[in-house]
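**Q** predicted model and sequence below, questions to follow.
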Amino acid sequence: MSAMFLLALQSCSVKKATVNQSTMVNSSLIKIKLQEKKVFNFQNEGISFSNDFPSARLNQLSKVNDSTFNITIAPENKPINQSPWFAFKVWSKGQKNIYVNLLYPENKHRYQPKISSDGVQWETLNEVKLSEEKNQASFKLALSKDTLLVAAQEIIASNQSYQWMDQLARKYSLDKKVIGYSIGGKPIIALNSKKSDGKKIVVILSRQHPPEISGYFAMVQFVETLLGNTRLAEDFIKKYELVIIPMINPDGVDEGNWRHSFAGVDLNRDWIDFKQPETRAVRDYLLTKVKKQDAKVYFALDFHSTYNDVLYTNEDRADTNQPGLTNAWVKGLHDFEGANKTVVKPSGNGGNVSKAWLGKVLNAEALTYEVGDNTPRAYIKQKATKVAEVLMMELQK
Ligand SMILES: [Zn+2]
């Protein structure tokens, strides 16, 4: 709680002009059951587990025998999509092998477990045994007195993302603004480049859905390519203002949620009603910015993850701010990919997802950039670099 209180205090010093939401945490808005965060000690076995860190999810833990443990993984609320995130720490007094059963009472295992000793380098565990119903995943862990992180994907909690934003802002002289607060009192931050006249904008969004790390990796690489020190990027950034909102659901990310916010809501289904402070912050910031600068948004990408790489586009319209841009951009990507082309699914221009609103209200060419859970991390970067380059070329034709 003290960290949250500190955040709330810091929030008060932020310029009022950019803050729409109350900076105090209103706990009556929290509609999900929060985990009990603690360290679980098994004295006789000399083994400890912890879910007491950002992005952890471990709902229940029980010992089956001196080397086997059952871990129950439950969602923040229901109904919910099939994205059962888990993350915990484990260590032992001496070297010891243990067996862990992840139990999903009402869901199926999805994410191949990853382990890390430093939170930076991650390794995928390949030896995982699934029950027939896929509601149980079992694997072996080699423990020592050093803490082992075990998680559904690499962990990027809000603090790591805020740190990245700080570095990026310093390195590329970006403006950094708090545009609102999550229900839990965490800042929603927008970064924007300031080398153009501000009339032409490209918008980049991510982390509406907490477990979608592979999409986050693509976003980071995409942004860093657009800001990079190539001739192409330097010319681009003089003509287009980049607006980046990397962490829209910090509460969900830090609570280890499967999908929702503290309100128990899928934020990427709130882009018609705008009942949530997180989505309202993004909407109000973009609308105000466009009006104030008399600007147009030409392209907008919202980064997500799913089972495979896929692009959800809006249906082609002749009256966007740059008709045909999405098609040209997809063609550039497909030329790069050769035989193994990313699937493109036009999913209608209505709907309550971000891309629909960005298209309908801001007349942007907009799409959802989905990255597969298991897409090789090196390829995520390679592809994100390419699509950023294609975008810069298309927008400067
Ligand atoms: Zn998503």
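**A** Nice, thanks for sending it over.
**Q** could you pull out the helices for this structure?
**A** Using DSSP state H, the helices of the chain run over 2-12, 158-171, 213-226, 231-239, 250-254, 277-293, 325-337, 354-360, 377-395.
**Q** how many residues are close by residue 199?
**A** 13 (other CB atoms under 10 Å). The way it works is simple: take the backbone N, C-alpha and C, and place the C-beta from them, glycine included.
**Q** which non-adjacent residue is nearest it?
**A** Take residue 199 and drop its neighbours on the chain: the residue closest to it by CB to CB, 6 or more residues apart in numbering is residue 295, 5.1 Å away.
**Q** what sits against the residue nearest to residue 226 when sequence neighbours are not counted?
**A** Nearest residue to residue 226, sequence neighbours excluded (CB to CB, 6+ apart): residue 388, at 5.2 Å. By CB atoms under 8 Å, 6 or more residues apart in numbering, residue 388 lies in contact with 221, 222, 225, 226.
**Q** now do residue 388 against residue 367, distance only.
**A** Going from residue 388 to residue 367 by CB to CB, to the nearest Å gives 14 Å.
**Q** which single residue in the stretch 251-397 of the chain comes nearest to the ion?
**A** residue 304 (3.2 Å; CB to the ion).
**Q** and residue 68, how far is that from the ion?
**A** 34 Å (CB to the ion, to the nearest Å).
**Q** could you report the pLDDT at the closest residue in space to that residue that isn't next to it in sequence?
**A** Closest residue to residue 68 apart from its sequence neighbours, by CB to CB, 6+ apart: residue 99 at 4.5 Å. If you check residue 99, the pLDDT there is 98.
**Q** quick one: residues contacting residue 99.
**A** Residue 99 sits next to 67, 68, 69, 138, 139, 140, 141 when contact means CB under 8 Å, 6+ apart.
**Q** check residue 247 too.
**A** Counting by CB under 8 Å, 6+ apart, the residues that residue 247 touches are 158, 161, 162, 165, 188, 189, 206, 207, 253.
**Q** kindly recompute the last result at 7 Å.
**A** 158, 161, 189, 207, 253 (CB atoms under 7 Å, 6 or more residues apart in numbering).
**Q** where does it fall, phi/psi-wise?
**A** Phi and psi for residue 247, reported as degrees, to the nearest 10, are phi -140, psi 90.
**Q** quick check: it vs residue 158, distance?
**A** 6 Å.
**Q** quick check: residue 143 touching residue 94?
**A** No - using CB atoms under 7 Å, residue 143 and residue 94 do not qualify as a contacting pair, with a distance of 8.5 Å.
**Q** what's the weakest-modelled helix or strand in the protein?
**A** Sorting the helices and strands of the chain by mean pLDDT, DSSP states H and E puts helix 2-12 at the bottom, at a mean of 44.
**Q** before I go, just wanted to say thanks for your time.
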